[in-house]
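**Q** based on what follows, work out the 3D shape:
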Amino acid sequence: MNKRRSRKPTDKNLPDGVEETIINPDGVQHYKDLRDIEKFLDATTTRKRLDVCESIPRILRVWISNTVEDQVWQGNDLNMDAFDFTPNMEASYRVRIEGRMIVEDDESSAKHGQDNSPLSMPRPSSAPPQDESGARRQHQTNENRHRFSTFFKAMSVDFDRSRFRNGAEQNIEWKKSEPFMKSHSGSQPSASDFDEITFKRSGDENMNITINLYRHEFPERYQLSPELADVIDMTEATQQEAVMALWQYIRYWGLQEDEERRNFKCNDLLKRVVGRSDVGYIPMLNEYVVQHLRPLPPISLPYTIRVDEDFHKDPQPTVYDITVLVDDPLRAELQSMINSSQNVSMLKEITTLDDHLARLIQAIAVSKAKHSFFTTFSEDPTTFVRNWLSSQKRDLEIIMGETSKGNSEVMYGDDWRRCGSNAVWASQNARESVNVLLSRHR
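**A** Residues are numbered from 1 along each chain as shown. Next up, the predicted model:
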């Protein structure tokens, strides 16, 4: 089966000069034009498939607000002289964290003034929406499958411990379950995802908190060490991106050794990455990169819990815009089209047509060689036969291994001892002779 597959023709280019030997030479140019169109379509399709595989940056808007209960300034309607049989009421507050994808029209304005990093640090908005409920209704038309918790694997809330007398206040944490994290990528929806999370604590004073969001991305992105970042000029990347960037750096500076292609020379920057060694090994690029990967720092959202009366006369939420990465919507459509039975049958038909076309091109090349042979023979039979016999004799000597017999000064002169790219041993004739000799002993 392997021999049969190796003999299968694959060349689909017409031989040179074939237009001079056929009746309608315009057909050759038409075929070449069709081949150019096919190459253009193949390149366009490949580029589009790569573009679809890339993640798209989107804006996730986060609202943080709080309400209060049983504060001193809220009071109650109980008469001070009457008996109070109600249980002791303690002042408390409730913090709500809500996140939603914003619409395309708002996205362009939200991106204005932000950096181009895949996941930029958020900044508080000084002009929140006038009506919080109206803003939520406006964002209901967004992509419903991308919920707030989809983009994060954990969340924690750090309180200002200096405000607690005994320091016994515990931080608030939420973590996504391990089975869910293994079975879902960072941008895939699930029934357990949510858009809002709330927590309640006791307190009657303003409190500073920090909300930490830990990103859930697939493939996971890492923070690169300063040593690796200086080499590939990236601060955040996936493991695959870092390995590819390191390989491109080696090729760009020509550090790969000529004799042993698996090794590369280390300059001052690479020595800090591979471990102070003068020589690195390309099969170990993945191990070199893993040593310089760090978990990404969380996205920190500072917020002040307000319990005073003046603020709650007209409460306004604190708004942050976070850049997150989502899958291209065309990816699912493309995947379903690729996996469809109709597409599979169409690909089989195209493969059959390609094989038939390659066999036709091979037959045309054979006919063109025969035509050239007899045309040259008809023009000057004597010279043609003499040259043909000389060529056959030379090929026979190469096959029989008798080319080394002859003048020793010619065969063992200085030209045969010289090495390098311009030597006799590096010529195309030498390579073909070696291949013929090796195939003879098989």
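
**Q** could you use CA atoms for every contact and neighbour count after this?
**A** Fine.

**Q** from the contact counts, what lies against the host helix or strand of residue 348?
**A** Following DSSP states H and E, one finds residue 348 within helix 341-379. For helix 341-379, the contact count by 3 or more CA pairs under 8 Å, 6 or more residues apart in numbering; DSSP states H and E identifies helix 381-400 as packing neighbours.

**Q** repeat that with 10 Å
**A** helix 329-339, helix 381-400 (3 or more CA pairs under 10 Å, 6 or more residues apart in numbering; DSSP states H and E).

**Q** can you give me the mean pLDDT across that helix?
**A** Averaged across helix 341-379, the pLDDT comes to 91.

**Q** just the buried positions in it, please.
**A** Within helix 341-379, the residues scored as buried using 16 or more other CA atoms under 10 Å are 354, 355, 357, 358, 359, 360, 361, 362, 365, 368.

**Q** now the last one: closest residue in space that isn't a chain neighbour?
**A** Among residues not flanking residue 368 along the chain, residue 18 sits closest, at 6.5 Å (CA to CA, 6 or more residues apart in numbering).

**Q** quick one: mean pLDDT over stretch 327-334.
**A** Stretch 327-334 carries an average pLDDT of 81.

**Q** list the buried residues in that stretch.
**A** Those would be 327, 331, for stretch 327-334 by 16+ other CA under 10 Å.

**Q** begin at 427 from now on, thanks
**A** Shifting the count to begin at 427 puts that one at stretch 753-760.

**Q** just the C-alphas of that stretch, formatted as PDB.
**A** What follows is stretch 753-760, C-alpha atoms only, in PDB (Å, rounded to 0.1, in the frame of the first residue of the first chain):
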ATOM      1  CA  ASP A 753     -14.900  32.600  20.600                       C
ATOM      2  CA  ASP A 754     -15.800  33.800  17.200                       C
ATOM      3  CA  PRO A 755     -19.500  33.200  16.500                       C
ATOM      4  CA  LEU A 756     -18.600  31.800  13.100                       C
ATOM      5  CA  ARG A 757     -16.600  29.000  14.700                       C
ATOM      6  CA  ALA A 758     -19.600  26.900  15.600                       C
ATOM      7  CA  GLU A 759     -21.100  27.400  12.200                       C
ATOM      8  CA  LEU A 760     -17.900  26.500  10.500                       C
END
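
**Q** and residue 648, how far is that from residue 798?
**A** Counting by CA to CA, to the nearest Å, the separation of residue 648 from residue 798 is 63 Å.

**Q** now stretch 642-651 - C-alpha only, CSV.
**A** Output of stretch 642-651 as CSV, limited to C-alpha atoms (Å, rounded to 0.1, in the frame of the first residue of the first chain):
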residue,chain,number,x,y,z
HIS,A,642,-10.8,31.4,33.1
GLU,A,643,-9.4,31.1,29.6
PHE,A,644,-8.8,28.2,27.3
PRO,A,645,-6.1,27.7,26.4
GLU,A,646,-4.8,29.2,29.6
ARG,A,647,-2.8,32.4,29.4
TYR,A,648,0.2,33.0,31.7
GLN,A,649,2.3,35.8,32.8
LEU,A,650,5.9,35.5,31.4
SER,A,651,9.0,36.0,33.5
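
**Q** make TSV out of the helices and strands packed on helix 767-805 and add distance to residue 661.
**A** What follows is these, written out as TSV (distance: least, CA to CA, whole Å):
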stretch	distance to residue 661
helix 755-765	27
helix 807-826	58
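
**Q** out of those, which gets nearest to residue 481?
**A** Nearest to residue 481 among the helices and strands packed on helix 767-805 is helix 755-765 (9.7 Å), distances taken as CA to CA.

**Q** show me what the closest one is packed up against.
**A** Applying 3+ CA pairs under 10 Å, 6+ apart, one finds that helix 755-765 contacts helix 452-479, helix 767-805.

**Q** redo these as JSON lines? Include distance to residue 759.
**A** Below are those laid out as JSON lines (distance: least, CA to CA, whole Å):
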{"stretch": "helix 452-479", "distance to residue 759": "10"}
{"stretch": "helix 767-805", "distance to residue 759": "13"}
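
**Q** which one of these lies nearest to residue 662?
**A** The minimum distance between residue 662 and the helices and strands packed on helix 755-765 falls on helix 452-479, with 18.8 Å, by CA to CA.

**Q** quick one, the closest one and helix 755-765 angle?
**A** 130 degrees (axes from the mean of the first three to the mean of the last three CA atoms, to 10 degrees).

**Q** does anything pack onto helix 452-479? Which helices or strands?
**A** Applying 3+ CA pairs under 10 Å, 6+ apart, one finds that helix 452-479 contacts helix 755-765.

**Q** residues in contact with the helix it packs on?
**A** 475, 477, 478, 479, 480, 481, 482, 766, 769, 770, 773 (CA atoms under 10 Å, 6 or more residues apart in numbering).

**Q** mind giving me the PyMOL command for buried ones among these?
**A** In PyMOL syntax, the buried subset of the contacts of helix 755-765 is picked out as below (16+ other CA under 10 Å):
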select buried, resi 478+481
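
**Q** pipe the contacts of helix 755-765 into TSV and attach distance to residue 749 per row.
**A** Below are the contacts of helix 755-765 laid out as TSV (distance: CA to CA, whole Å):
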residue	distance to residue 749
475	24
477	19
478	19
479	18
480	15
481	12
482	10
766	34
769	36
770	38
773	39
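
**Q** and the contacts of helix 755-765, which two are furthest apart?
**A** Maximum distance among the contacts of helix 755-765 (CA to CA): 29.4 Å, for 482 and 773.

**Q** okay, now residue 452: neighbour count?
**A** 10 (other CA atoms under 10 Å).

**Q** do you know the pLDDT at residue 825?
**A** With respect to pLDDT, residue 825 has a value of 79.

**Q** hmm, back to that, quick one: the helix holding residue 774 to chain centroid distance?
**A** On the basis of CA atoms, centre = their mean, to the nearest Å, helix 767-805 sits 38 Å off its chain's mean C-alpha point.

**Q** if we can go back for a sec, which one, of the helices and strands packed on helix 767-805, ends up nearest to residue 628?
**A** The nearest among the helices and strands packed on helix 767-805, by CA to CA, is helix 755-765 at 44.0 Å.

**Q** quick one: work out the angle between the closest one and helix 767-805.
**A** Going by the same axes, to 10 degrees, helix 755-765 makes 70 degrees with helix 767-805.

**Q** low-confidence regions, the stretch 477-626 of the chain specifically.
**A** For the stretch 477-626 of the chain, the stretches with pLDDT under 70 are 502-515, 529-571, 589-596, 605-617.

**Q** please consider this matter closed, and thank you.
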